[in-house]
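S.K.: I'd like to go over a predicted model; first the sequence, then the structure.
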Amino acid sequence: MTKTNNSENRVWDPQGMGLVPADSRHARQITRRQMIAEAVMAEGTMRIEDLAERFGISLMTAHRDLDDLASRGLLRKSRGLVSAAPTSLIEASYVYRSLRQSAEKRALAKAALAHVEPGQAIFLDCSTTVLQMAPYLSSKVPLTAITYALPMMDALHEVRDITLLGLGGQFYNWCNAFLGHITTMEIRRLRADVAFLSLSAITDGLAFHQSPEMVDTKRAMFDCAAKRVLLADHTKFERRALYAMCALEEFDVVIVDDATPPRTVAALHDRGVNVEIAPRLPEDGNG
């Protein structure tokens, strides 16, 4: 929800849709509310008293902050507790996302495997969709896998003949991944054959995400790969998010699941997007 300009002296106000001085009271309030929202997203549910103590604020201030976040659909308040509410402005917790459209994600991951060749170096982002590629990659070794996602590192670190490059940086609980300047700097020092990416929403032919840090990190992978593959289940076309990364036609391939409406696929073709439709997998997901 926050964003700074290049001189890092102003903060983006998503409600006012403008930049405010970073040293202002309003900017500190925006930053604190983002941190509160991310803390609740990471924990799922928290006591309001615990939040006030964690951030060193009064209960009255905590309630004001939470009322603001609740009014925008980010959180829910109830009897001294606050819980996460998935929204278009802040990413839902990793656990929540991992349970959504699991069958479609497996189908997309299996289809994406056609774009992997033994001997390649591949970028793998932190999306729960791209994570579904992990069980299939052993059939394409030897490979060099490059990722900033902790679950992907866990899934691949013992796979024979996969050279795993884990990228560090600032760790974010809500996405189980390392993001930020250190991460993007390391990515930009590398060159991969293929980047496999997924974003939160697709609107007007553009791929969006709720987090500007996430957009920066994914964009670094996009820029440093010879081939770019987007994995997008049909629900991504029904959502909205705040920060645009790029137009769909900039991807070499966009893979969608077979529940994507034909009119949506036709519209993508009209834009010049190279679309592939992932067939549904058997119920057990083993393909």
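M.R.: Looks like it came in fine.
S.K.: Tell me which helix or strand comes right after the lengthiest strand in the chain.
M.R.: Across the chain, the longest stretch assigned as strand under DSSP state E is strand 225-232. Toward the C-terminus, strand 225-232 is succeeded by strand 243-247 as the next helix or strand (DSSP states H and E).
S.K.: which strands and helices sit next to that following strand?
M.R.: Under the contact criterion of 3 or more Cβ pairs under 8 Å, 6 or more residues apart in numbering; DSSP states H and E, strand 243-247 touches strand 206-209, helix 212-223. Using the backbone N, CA and C atoms, a C-beta is placed for each residue, glycine as well.
S.K.: contact partners of it?
M.R.: 3, 199, 205-212, 215, 218-219, 222, 271 (Cβ atoms under 8 Å, 6 or more residues apart in numbering).
S.K.: Looking at the residues you listed, which is nearest residue 242?
M.R.: The closest of those to residue 242 turns out to be residue 210 (Cβ to Cβ; 5.9 Å).
S.K.: Do I have it right that the closest one meets residue 241?
M.R.: Yes. Residue 210 is within contact range of residue 241, at 4.7 Å (criterion: Cβ atoms under 8 Å).
S.K.: for the contacts of strand 243-247, which one is nearest residue 75?
M.R.: residue 210 (14.2 Å).
S.K.: Three-state assignment for residue 30, please.
M.R.: For residue 30, the assignment made with DSSP: H, G, I helix; E, B strand; the rest coil gives helix.
S.K.: Let me fix that, I meant to ask about residue 110.
M.R.: Applying three-state DSSP: residue 110 is helix.
S.K.: For it, grab the count of nearby residues.
M.R.: 20 (other Cβ atoms under 10 Å).
S.K.: Surely it touches residue 280?
M.R.: No. The criterion here is Cβ under 8 Å, and residue 110 misses it with residue 280 at 10.2 Å.
S.K.: before we move on, the earlier item: mind checking which of the helices and strands packed on strand 243-247 is nearest residue 36?
M.R.: Using Cβ to Cβ and comparing the helices and strands packed on strand 243-247, the one that lies nearest residue 36 is helix 212-223, at 17.0 Å.
S.K.: helices and strands around that closest one, which ones?
M.R.: strand 177-179, helix 181-187, strand 192-197, strand 243-247.
S.K.: Mean neighbour count added to these, as CSV?
M.R.: As requested, these are exported to CSV (neighbours: other Cβ atoms under 10 Å):
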stretch, mean neighbour count
strand 177-179, 24
helix 181-187, 18
strand 192-197, 24
strand 243-247, 18
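S.K.: Save the ones you listed as JSON lines, and put in distance to residue 83 and mean pLDDT too.
M.R.: Formatted as JSON lines, the helices and strands packed on helix 212-223 follow (distance: least, Cβ to Cβ, whole Å; pLDDT from 0 to 100):
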{"stretch": "strand 177-179", "distance to residue 83": "23", "mean pLDDT": "94"}
{"stretch": "helix 181-187", "distance to residue 83": "29", "mean pLDDT": "97"}
{"stretch": "strand 192-197", "distance to residue 83": "30", "mean pLDDT": "98"}
{"stretch": "strand 243-247", "distance to residue 83": "25", "mean pLDDT": "94"}
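S.K.: so where's the stretch 101-250 of the chain shaky on pLDDT?
M.R.: By pLDDT under 70, the weakly predicted segments of the stretch 101-250 of the chain are 101.
S.K.: repeat that for 90
M.R.: 101-104, 128, 172-176, 200, 210-212, 235, 238-243 (pLDDT under 90).
S.K.: Check the offset of stretch 170-183 from the chain's centre.
M.R.: 11 Å (Cα atoms, centre = their mean, to the nearest Å).
S.K.: That stretch spans what distance, first to last residue?
M.R.: Stretch 170-183 stretches 8 Å from its first residue to its last (Cα to Cα, to the nearest Å).
S.K.: Make sure I have this right: residue 265 is in a strand.
M.R.: No. Judged by three-state DSSP, residue 265 forms no part of a strand; its state is helix.
S.K.: and the nearest residue to it once chain neighbours are set aside, how far is that from residue 268?
M.R.: Nearest non-adjacent residue to residue 265, counting by Cβ to Cβ, 6 or more residues apart in numbering: residue 275, 5.7 Å away. Distance, residue 275 to residue 268, by Cβ to Cβ, to the nearest Å: 5 Å.
S.K.: so what sits against both of those two?
M.R.: Shared contacts of residue 275 and residue 268 (Cβ under 8 Å, 6+ apart): 254, 256.
S.K.: Please name whichever of the helices and strands packed on strand 243-247 is nearest to residue 150.
M.R.: The nearest among the helices and strands packed on strand 243-247, by Cβ to Cβ, is helix 212-223 at 13.6 Å.
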